[in-house]
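**Student:** Sequence and predicted structure are below.
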Amino acid sequence: MTPYPFAKRVSVSLILLCSMALAACSLLDNGNTEKHNANAWHLTVLHTNDHHGHFWRNGNGEWGMAARKTLIDRIRAEVTESGGHVLLLSGGDINTGVPESDLQDAVPDFKGMNLLGYDAMAVGNHEFDNPMPVLRMQERIATFPFLAANIRDEATGERLFQPYTVFRLDGLKVAVLGLTTDDTQKIGNQENVQGIVFTRPEVEARALLPELKKQADVVIATTHMGHYKNGRHGSNAPGDVTLARNVNGIDLIVGGHSQNPLFEPDRQNDTWILQAQDWGRYLGRADFEYSNGQLKLLNYQLIPVNHTQSVMSVDGDKVRLPVGDIIPENPAMLALLTPYQKKGEAEVLQQVGYTDGRLMGERKEVRFGYTNLGRLIALAQMDMVGADLAVVSAGGIRASIQKGEITYRDILSVQPFGNGIAYVDLSGKALKEYLGNVAEKTINSGGFAHFAGVEMRMRGGSLESINVAGKPLKDNQTYRLALNSFSAAGGDDYPVLTSNPTYIESGFTDASVLREYIRKHSPVHIADYKPDGIVRLPAE
């Protein structure tokens with residue numbers, strides 16, 4: 001593993017701070033440290049979710065499948081020695097997020113999961129960023145089942161994936177049910193979900209529970225639905241809390257999608273709910289005892305996988321220190337993944353341009369307000385197709401670009417989906433209706449819209465004024481709108497424009513368009529991309 005920079009002397013108090021941060025990630029349920037019942041089964045559930053292509057450690061030496069392999073092997077050995085059993089589950093979204101993975105259709109990620117020994121995986125919405133043949137190829141590579149009870153063929157009604165699987169562990173029978181957010185119908189790549197229906201997860205779960213209870217002592221749902229505190233899911237589809245409250249008989253939910261870490265498991269309607277943030281930053285560990293028909297949680301942890309933090313040395317310089325012990329990387333996993341990493345790096349490390357400041361693309365930024373990166377992407381789309389204005393959904397912006405040199409990797413991290421850039425010619429009247437729809441998308445949603453070429457004033461969700469190219473919108477004038485194919489096909493619940501006779505696909509992908517724009521306009525001065533012109537006012 002790449003060594004950490006220990007060249008600077010660091011105070012003892014900072015080391016203690018790191019240790020305290022590690023300790024905060026663990027808890028014992030109700031302080032339970034009692035000895036195991038000799039007549040009980042002991043089950044340890046390990047879990048991750050929202051992997052998003054992070055098969056390799058990051059630039060700070062954090063995370064990565066090689067260190068996770070060492071950690072999982074240690075836990076398996078410990079649990080097996082004490083007579084227990086281990087299940088390793090994933091909450092889905094293996095695809096999309098890291099260019100080295102995206103360019104190779106996540107093949108290294110699924111091969112890495114095989115070596116890690118995953119037992120089952122929920123199908124995530126981002127599995128549909130790829131066409132079905134790619135997803136089926138990934139399924140063939142995997143040595144574990146892809147589970148989804150609520151994804152069906154629209155024409156036949158047949159399920160497209162195995163709904164559940166049952167594990168028999170020395171007499172203990174454990175059923176694992178897979179469920180996928182039905183939001184995938186609108187937030188998934190519309191070209192890739194044609195002919196597919198995502199039914200209500202709780203309806204499918206309720207129908208299957210009697211069947212599962214006949215076959216198993218313990219029922220686990222591995223889901224990609226999201227954990228929303230107290231069930232308040234906003235504009236998102238209902239998640240794990242709603243599922244637990246409305247469906248009796250699920251003992252444990254291992255979740256994903258919302259990507260928030262649950263350092264303490266949620267408990268709803270006698271169902272435990274777990275989630276381990278994303279990217280393999282943590283490995284979730286839940287130790288259970290099953291006895292006399294009851295499943296009891298003994299211990300729960302989110303175990304950091306080689307976390308670091310930036311601290312100030314006594315010399316006044318910032319250094320990065322590991323939080324807790326460094327987990328060595330497994331040699332077999334490194335041997336498997338290194339060729340994929342080198343191949344990916346060669347493709348994405350080409351320099352494209354330079355920026356004099358940070359281009360803001362973090363989830364907490366682009367889904368809550370207008371940013372310079374959102375405007376830059378919209379301008380790039382406008383420039384490519386000669387449009388009057390452009391719209392970009394926040395869900396299509398996945399990372400920031402830091403000050404300094406910009407590589408193709410940076411751009412692919414921002415736009416990993418490979419959506420096409422398109423345009424459509426609309427009358428002013430039709431454009432006003434379209435903008436009225438997308439401009440009112442709520443914050444904290446992938447549909448939150450960023451713009452270029454247009455100025456709008458909104459009050460309480462209603463448009464009061466629209467200017468295009470500095471002039472008031474005219475109903476009988478024709479305007480060219482640039483957008484990506486995902487949004488045009490109705491992604492993020494945008495109005496469908498692909499059926500419009502003037503709709504044209506440029507043949508260029510979003511990342512390639514952004515790359516060419518940055519190359520042409522480098523150095524990028526962030527002051528030129530200040531997101532002015534959109535005014536949102538509360539209702540009177």
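**Tutor:** Nice, I can see it.

**Student:** Look at Ile526 and say how many residues are nearby.
**Tutor:** Ile526 has 17 neighbouring residues, counting by other C-beta atoms under 10 Å. The way it works is simple: take the backbone N, C-alpha and C, and place the C-beta from them, glycine included.

**Student:** Can you report phi and psi for it?
**Tutor:** The phi and psi values for Ile526, taken as degrees, to the nearest 10, are phi -60, psi -20.

**Student:** One more: Lys530?
**Tutor:** Torsion angles, degrees, to the nearest 10, at Lys530: phi -60, psi 130.

**Student:** what about the protein, any weak spots by pLDDT?
**Tutor:** Where the chain drops to pLDDT under 70, the residues are 1-38, 461.

**Student:** tell me the domain ranges of it?
**Tutor:** Domain ranges of the chain: 52-343, 350-537, per automatic domain parsing.

**Student:** Make TSV out of these and add distance to Thr44.
**Tutor:** Output for those, formatted as TSV (distance: least, C-beta to C-beta, whole Å):
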stretch	distance to Thr44
domain 52-343	5
domain 350-537	31
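
**Student:** wait, which of those domains is closest to Asn39?
**Tutor:** domain 52-343 (6.4 Å; C-beta to C-beta).

**Student:** where along the stretch 151-300 of the chain do the helices fall?
**Tutor:** Along the stretch 151-300 of the chain, counting by DSSP state H, counting those that start in this stretch, helices occupy 184-187, 201-215, 240-246.

**Student:** Just put those in a markdown table and tack on mean neighbour count.
**Tutor:** Listed next are these as a markdown table, based on neighbours: other C-beta atoms under 10 Å:
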| stretch | mean neighbour count |
| --- | --- |
| helix 184-187 | 21 |
| helix 201-215 | 17 |
| helix 240-246 | 23 |
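
**Student:** possible to save those as CSV with distance to Glu505?
**Tutor:** Formatted as CSV, the helices of the stretch 151-300 of the chain follow (distance: least, C-beta to C-beta, whole Å):
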stretch, distance to Glu505
helix 184-187, 21
helix 201-215, 33
helix 240-246, 37
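
**Student:** which stretch among the ones you listed comes nearest Thr502?
**Tutor:** Using C-beta to C-beta, the nearest of the helices of the stretch 151-300 of the chain to Thr502 is helix 184-187, at 23.7 Å.

**Student:** Keeping just the C-alphas, turn the closest one into CSV.
**Tutor:** Extracted in CSV, the C-alpha atoms of helix 184-187 (Å, rounded to 0.1, in the frame of the first residue of the first chain):
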residue,chain,number,x,y,z
THR,A,184,-35.5,3.8,-11.2
GLN,A,185,-38.4,4.2,-13.6
LYS,A,186,-37.8,7.9,-13.7
ILE,A,187,-34.2,8.4,-12.6
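
**Student:** So which residues of the stretch 351-500 of the chain form strands?
**Tutor:** For the stretch 351-500 of the chain, the strands defined by DSSP state E, counting those that start in this stretch occupy 351-355, 389-393, 404-407, 420-427, 449-452, 454-459, 462-468, 471-472, 478-484.

**Student:** likewise the stretch 151-300 of the chain?
**Tutor:** Counting by DSSP E, counting those that start in this stretch, the strands of the stretch 151-300 of the chain are 151-153, 164-169, 172-180, 196-198, 218-224, 252-254, 266-268, 271-274, 282-291, 294-304.

**Student:** one step back: any idea which of the helices of the stretch 151-300 of the chain gets closest to Gly491?
**Tutor:** Nearest of the helices of the stretch 151-300 of the chain to Gly491, taken as C-beta to C-beta: helix 184-187 at 6.4 Å.

**Student:** what's that closest one packed up against?
**Tutor:** Of the remaining helices and strands, those touching helix 184-187 by 3 or more C-beta pairs under 8 Å, 6 or more residues apart in numbering; DSSP states H and E are strand 196-198.

**Student:** can you pull the buried residues of the strand it packs on?
**Tutor:** By neighbour count with 16 or more other C-beta atoms under 10 Å, strand 196-198 contains the buried residues 196, 198.

**Student:** which residues does the nearest residue to Val524 once chain neighbours are set aside bridge with?
**Tutor:** Take Val524 and drop its neighbours on the chain: the residue closest to it by C-beta to C-beta, 6 or more residues apart in numbering is Thr355, 4.1 Å away. Beta-bridge partners for Thr355, by DSSP bridges, are Gly404, Val524.

**Student:** For Thr355, give me its contacts.
**Tutor:** 401-404, 406, 518, 522-526 (C-beta atoms under 8 Å, 6 or more residues apart in numbering).

**Student:** Buried ones from these, can you make that a ChimeraX selection?
**Tutor:** Typed into ChimeraX, the line below selects the buried ones among these, using 16+ other C-beta under 10 Å:
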select :401,406,518,524,526
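
**Student:** Dump the contacts of Thr355 to TSV, plus distance to Gly171.
**Tutor:** Below are the contacts of Thr355 laid out as TSV (distance: C-beta to C-beta, whole Å):
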residue	distance to Gly171
Ile401	55
Gln402	54
Lys403	59
Gly404	59
Ile406	58
Ile518	60
Ser522	65
Pro523	67
Val524	63
His525	68
Ile526	63
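
**Student:** Among the contacts of Thr355, which one lies nearest to Asn299?
**Tutor:** In terms of C-beta to C-beta, no member of the contacts of Thr355 lies closer to Asn299 than Gln402, at 39.0 Å.

**Student:** So the closest one sits against Arg358, correct?
**Tutor:** Yes: look at Gln402 against Arg358 with C-beta atoms under 8 Å: they come within range, at 5.6 Å.

**Student:** Distance to Gly124 added to the strands of the stretch 151-300 of the chain, as TSV?
**Tutor:** Putting the strands of the stretch 151-300 of the chain into TSV (distance: least, C-beta to C-beta, whole Å) gives the following:
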stretch	distance to Gly124
strand 151-153	11
strand 164-169	17
strand 172-180	7
strand 196-198	12
strand 218-224	4
strand 252-254	13
strand 266-268	20
strand 271-274	16
strand 282-291	16
strand 294-304	19
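
**Student:** For Pro145, which of those strands is the nearest?
**Tutor:** Evaluated over the strands of the stretch 151-300 of the chain, closeness to Pro145 peaks at strand 164-169, with 5.3 Å, by C-beta to C-beta.
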